[in-house]
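**Q** sequence-free structure coming up:
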C-alpha cells in the first residue's frame with residue numbers, strides 16, 4: 001500500500017515537474033523570438049473589446065447619435081449649436097480609430113490635432129455639410145480600423161494556439177523523458 005502511494009506521488013511529481021519545465025521552455029523560446037506571451041494575450045482581449053465597440057457604432061450607434069441630435073436647424077444660433085454637437089459626436093467616434101492606432105503603436109498627435117482644428121473651423125462657420133462629410137470619412141476609418149484589428153487579433157490567436165500546441169508537445173516529451181519508460185526503454189534481452 002505504501003509502495004503504491006509513493007509511486008503515485010512520484011508520478012504526480014513527474015507530471016508537475018514536466019509541466020513546469022515545458023512552461024519554462026515555452027517562455028524561453030518566446031523570449032528568444034521576441035514575443036511576450038502575456039502581453040499578446042492582453043492585446044487579444046483589448047482587440048476584441050475595441051472591435052465590439054467599433055461594430056456597435058457602425059451597426060447603429062452612429063445612427064442613434066444622429067437621431068439624438070435631431071433635424072438640422074436653419075437659423076444660425078441653433079445651427080451653430082447643432083454643428084458643435086455634431087463635431088463632438090464625430091470627435092468621440094474618431095477617438096475609436098485613435099485607440100486602434102495606439103494599439104498598433106501608430107498614433108500621430110498631429111493628424112488628430114489637424115482633424116480637430118478642421119472640425120472646429122466647420123463649427124465656426126456652421127458648416128453642417130462639411131461635418132457630415134467628415135463623419136463619412138470617420139465611418140470609413142472605423143471600418144478600416146475594425147478590419148486591421150481583426151487581422152492582428154487573428155494573427156495573435158494563431159500564434160497563441162501554436163504556443164499551446166508546442167507546450168503540449170514539450171510537456172509530453174519531457175514527461176516521457178522524466179519517466180524514462182518509453183523513450184529509454186531497456187530491452188529485456190541484455
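**A** Ah, there it is. These numbers were taken from a predicted model, which means no experiment stands behind them.
**Q** next helix or strand past the lowest-mean-pLDDT helix or strand in the chain?
**A** Lowest mean confidence among the helices and strands of the chain (mean pLDDT, DSSP states H and E): helix 109-124, at a mean of 79. Next along the chain after helix 109-124, taking DSSP states H and E as the criterion, comes helix 128-179.
**Q** now that next one: mean pLDDT?
**A** Regarding helix 128-179, the rounded mean pLDDT is 89.
**Q** tell me which strands and helices that helix is in contact with?
**A** Counting contacts by 3 or more C-beta pairs under 8 Å, 6 or more residues apart in numbering; DSSP states H and E, helix 128-179 packs against helix 2-32, helix 37-56, helix 76-103, helix 109-124. Every C-beta, even on glycine, is put in place using the N, C-alpha and C of the backbone.
**Q** list the buried residues for the least confident helix or strand of the chain?
**A** 112, 115, 119, 122, 123 (16 or more other C-beta atoms under 10 Å).
**Q** isn't residue 127 right next to residue 83, touching?
**A** Yes. The criterion here is C-beta atoms under 8 Å, and residue 127 meets it with residue 83 at 6.9 Å.
**Q** comparing the two, which residue is more hemmed in?
**A** Comparing residue 127 with residue 83 by other C-beta atoms under 10 Å, the one with more neighbours is residue 83, at 23 against 17.
**Q** tell me the contacts of the more buried one?
**A** 122, 123, 126, 127, 128, 131 (C-beta atoms under 8 Å, 6 or more residues apart in numbering).
**Q** the same query, at a cut-off of 10 Å, please.
**A** 72-73, 76, 119, 122-128, 130-131 (C-beta atoms under 10 Å, 6 or more residues apart in numbering).
**Q** could you do residue 133 as well?
**A** Contact analysis of residue 133 by C-beta under 10 Å, 6+ apart lists 122, 127.
**Q** contacts for the least confident helix or strand of the chain next, please.
**A** So helix 109-124 is contacted by 80-88, 90-91, 94-95, 97-98, 101, 108, 127-135, 137-138, 141 (C-beta under 10 Å, 6+ apart).
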